[in-house]
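Undergrad: Quick one, structure for this:
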Amino acid sequence: MPAEIRRRRLKNGLTILTEKMPDVRSVCIGIWLKKGSRDESKRLNGISHFIEHLVFKGTENRSARELALAMDSMGGQMDAFTSKEYTCFYAKVLDQHLPATIDLLSDIVQRPLFDPTELERERSVVLEEIQMVDDSPEEVLYDLFSESFYPRHSLGRPIQGTAASVGGFSRRQLLSFFRRSYRPENMLVVAAGNLDHEDVNRLVSRAFADLAPGNGTNGRLRRPKTRGGVVTRAKKELGQLHLLVGLPVFPSDERGRYALHVLNALFGGTMSSRLFQKIREERGLVYSVYSAVNGFLDTGFLSVYAGTSPGKGNEVIRLITHELADLRDHGPTAQELDVAKEHLKGSLMLALESTSSRMSNLARQEIYHKRQRSLAATLAGIDAVTSSRVHRMARELTASADIRLAAVGRVGRLKLPQGALTL
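TA: Residues are numbered from 1 along each chain as shown. Okay, here's the model as predicted:
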């Protein structure tokens, strides 16, 4: 572990991670719960996200207004988010306000009231959020893809839940899920910035001293099966056709991730990438086209997004599959490889200049890799990626039969294959 990073596990199972950054005046601290929408049944889909909202609506010690005033009076920023595999509550403050911030965040995640009146008010807010997501073509596209790519699995369900599931949550269900989830063995307290390791350990130990361990952690994951093919959703009110092509990749903790991220960068992750140059710059078929790696604990997928005119959809799909096949057959050029590696290294170093990015990086490394790698080791891993390794990665990925195409918008002019999308 790098010298500036410290890790401590308390007797109740809570893990504390700290990274000292002496050249800044701020500290970013987050409480991470190793549970997200993946850990929900179909009936409880969206409950993690709903609870993330509710805990800010008042605790045993503070009203919702007092929570907001406490952070505003420190000039800090506080927020939260829920993902497929974790939930995070975080705040960024001046270093002098760290003790008060730890007290505030620990109060939120340990002693929420779940007041019935506030619960119903927040239910309306979450239902509005679900409608807002339904009005976003890219969000609808991603959810449509996920549901069909991971059939009958919680990874395929929307993080925010559905109007039916959220509308059915009772206070008893919410409290039960909260009590069995928000346990110290499921939690990380992570801080980065101008801090003293021992001070943070002391403050966190005291703030969470009364939090008793539960009966275990997340338990054994049920790995999803992927499914290829084509799925569409007609939305005639949209001016664009939104496309997403995805194919399975290995989990986030596999060693091949450096080659995978280099492949993604040169394929569709930069402005000089193949997809951007071929589809946007040379053909002018899209405004937005890019690829991304979506990694989970035991699975993942490489996705390609493009937004285009309904009449150009067939050509865009043809070009995406053509570039995938070309990368499979010929591999990257030396120039492509060098540009992609330098882009990844530069992006990583620039991102890690902020305390919030450092805090998030610590947490995700702990969740997905159960260890901390130094920046130098990560940069060396990127440097070690060779052209032949990327070429082999491309062959491995495109060998899958589970390539999935999702389309949202005016889909009537698409000429789609009857079965799986082929390269």
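
Undergrad: quick one, helices of the stretch 201-350 of the chain?
TA: Using DSSP state H, counting those that start in this stretch, the helices of the stretch 201-350 of the chain run over 257-264, 274-275, 313-330, 334-351.

Undergrad: Compare those and give me the one nearest L416.
TA: Closest to L416 of the helices of the stretch 201-350 of the chain, according to Cβ to Cβ: helix 313-330, at 8.5 Å. All C-beta spots, glycine's among them, are computed from the backbone N, C-alpha and C.

Undergrad: what residues does the closest one touch?
TA: Contact with helix 313-330 is made by 241, 243, 245, 263, 267, 274-275, 278-279, 283, 285-286, 289, 304, 306, 308, 391, 394-395, 398, 405, 407, 411, 413-415, 421-423, as judged by Cβ atoms under 8 Å, 6 or more residues apart in numbering.

Undergrad: Off-centre distance for the helix or strand harbouring V200?
TA: Using DSSP states H and E, V200 maps to helix 197-207. Chain-centre distance of helix 197-207: 28 Å, with Cα atoms, centre = their mean, to the nearest Å.

Undergrad: Then stretch 185-203?
TA: 22 Å.

Undergrad: Could you list the buried residues of it?
TA: 185-195, 197, 200-201, 203 (16 or more other Cβ atoms under 10 Å).

Undergrad: separation between D72 and A80?
TA: According to Cβ to Cβ, to the nearest Å, D72 and A80 sit 16 Å apart.

Undergrad: nope, T87 is what I was after
TA: As for T87, its distance to A80 is 7 Å (criterion: Cβ to Cβ).

Undergrad: joint contacts of the two?
TA: By Cβ under 8 Å, 6+ apart, the residues touching both T87 and A80 are E52.

Undergrad: neighbour count winner among those two?
TA: Between T87 and A80, counted using other Cβ atoms under 10 Å, T87 has the larger neighbour count: 27 against 20.

Undergrad: ok, for that one, nearest residue in space, not its chain neighbours?
TA: Excluding its sequence neighbours, the residue lying closest to T87 (Cβ to Cβ, 6 or more residues apart in numbering) is L33, at 4.3 Å.

Undergrad: Show the contacting residues for the one you found.
TA: L33 sits next to 86-88, 109, 181-182, 186-187 when contact means Cβ under 8 Å, 6+ apart.

Undergrad: Can you pull the phi and psi angles for it?
TA: With angles defined as degrees, to the nearest 10, L33 sits at phi -100, psi 120.

Undergrad: ok so, going back, among the buried residues of stretch 185-203, which are in strands?
TA: Residues of the buried residues of stretch 185-203 located in strands (DSSP state E): 187-193.

Undergrad: helix/strand/coil for I16?
TA: Going by DSSP: H, G, I helix; E, B strand; the rest coil, the secondary structure assigned to I16 is strand.
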